[in-house]
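> predicted structure and sequence below. I'll ask about it afterward.
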Amino acid sequence: MAGSGEVLLAGANLDDTADFRPGLLAARRYGVRNPLLEERIGKAAVRAMARQLGLAAAEKPALACLSSRVAYGVRITPEILYRIDRAEQLVRARGFPSVRVRHFGTTATIEIPRQDMRRLAADAELPDLLAALGRLGWQRVSVDQNGLRSGNMNESPAHFDARWNGSRPTAPSDRDNSA
């Protein structure tokens, strides 16, 4: 993109720098700009602006990028993202609107809020649901007994300390115009 006169904009905001976001580092390498981050605007301010403009999206629940469900070190492909999306649709269709299906190569885990765990366990069609997810291409599918946890892919101590490798994204300084 450099030198072409075109700029790709993305929607990362200041709150996104509080967690490990490898996509921010990749985007920076390719010259992607994040105006909200550059202006140090966080999620609450974005929602307030959307409300002021009368946008319906102001109250829309946050939904993490599908790639955040893929274990670190696993190459992200359109096929994997499709499988995750389809798996989450199947779980939602069983009456669980808050769900994450995590991809660990040949295995997948289903995460739903802890308060919904008993209902899922009692669902007579749970074995059929697990089998349907398996047919999407995973050898093993299980339910994470710890429940839905935002950012849980960042919990592994093995990559926790070294994950930023000295280049953690931050809001640009006043002297830095790059994203």
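Happy to help now that I have it.
> ok, then the element right after the longest helix seen in the chain?
In the chain, assigned by DSSP state H, the helix with the most residues is helix 78-93. Going down the chain from helix 78-93, the next helix or strand is strand 100-104, by DSSP states H and E.
> and that next one, how far from the chain's centre?
Distance, stretch centre to chain centre, for strand 100-104: 10 Å (CA atoms, centre = their mean, to the nearest Å).
> stretch 117-135: end-to-end distance?
In stretch 117-135, first residue to last residue: 23 Å (CA to CA, to the nearest Å).
> one step back: could you dump the longest helix of the chain to CSV, C-alpha only?
Extracted in CSV, the C-alpha atoms of helix 78-93 (Å, rounded to 0.1, in the frame of the first residue of the first chain):
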residue,chain,number,x,y,z
PRO,A,78,-10.8,-18.8,5.2
GLU,A,79,-11.8,-22.5,5.6
ILE,A,80,-11.0,-22.4,9.4
LEU,A,81,-12.9,-19.1,9.8
TYR,A,82,-15.9,-20.6,8.0
ARG,A,83,-15.8,-23.7,10.2
ILE,A,84,-15.7,-21.6,13.4
ASP,A,85,-18.6,-19.3,12.1
ARG,A,86,-20.7,-22.3,11.1
ALA,A,87,-20.0,-24.1,14.4
GLU,A,88,-21.1,-21.0,16.4
GLN,A,89,-24.2,-20.7,14.2
LEU,A,90,-25.1,-24.3,15.2
VAL,A,91,-24.6,-23.6,18.9
ARG,A,92,-26.7,-20.4,18.7
ALA,A,93,-29.5,-22.3,17.0
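> helices or strands up against that helix?
Helices and strands touching helix 78-93, as assessed by 3 or more CB pairs under 8 Å, 6 or more residues apart in numbering; DSSP states H and E, comprise strand 100-104, strand 107-111, helix 126-135. Just so you know, the C-beta spots here come from the backbone N, C-alpha and C atoms, and that holds for glycine as well.
> could you list the buried residues of the last one?
Burial within helix 126-135, assessed by neighbour count using 16 or more other CB atoms under 10 Å, is assigned to 129-130, 132-133.
> all good on my end, thank you.
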